[in-house]
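**Q** just coords:
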């Protein structure tokens with residue numbers, strides 16, 4: 001379980017807008033650690049998964065928002081902050 005992970009007001013607002021979007025009905029936000037096809041250039045990525053396709057072990061509530069986050073990533077997110085600036089999400093220390 002993530003002990004300390006924070007979400008800025010701008011990121012919370014963006015997720016609130018996502019939840020109102022009818023096209024994303026039945027989806028849950030995710031934060032994933034992704035690399036390119038060659039397994040390089042790793043970075044955090046924010047998107048959505050269809051809720052019914054996510055195992056219960058990956059669902060977690062952070063600051064009132066339900067996310068699908070692979071449990072193996074919880075320690076990597078410890079102490080970090082998710083921000084949303086100029087149309088982009090950032091995970092920062």
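**A** Structure received. Everything numeric in this text was worked out from a predicted model, so none of it was measured.
**Q** in stretch 36-47, what's buried?
**A** By neighbour count with 16 or more other Cβ atoms under 10 Å, stretch 36-47 contains the buried residues 44, 46. All C-beta atoms are positioned from the backbone trio N, CA, C, and that covers glycine.
**Q** next one: stretch 82-93
**A** Counting neighbours by 16+ other Cβ under 10 Å, stretch 82-93 gives 82-84, 89-91 as buried.
**Q** max pairwise distance over those: which two?
**A** Based on Cβ to Cβ, the longest span within those runs between 84 and 91 and measures 10.8 Å.
**Q** where does the most far-flung residue of the chain relative to its centre fall, phi/psi-wise?
**A** Relative to the centre of the chain, and counting by Cα atoms, centre = their mean, the farthest-placed residue is residue 38 at 23.2 Å. When read as degrees, to the nearest 10, the backbone of residue 38 gives phi -90, psi 0.
**Q** can you tell me the centre-most residue of the chain?
**A** Relative to the centre of the chain - Cα atoms, centre = their mean - the closest residue is residue 31, sitting 2.9 Å away.
**Q** next helix or strand past whichever strand or helix holds that one?
**A** Secondary-structure assignment from DSSP states H and E places residue 31 in strand 27-34. On the C-terminal side of strand 27-34, the closest following helix or strand by DSSP H and E is strand 43-50.
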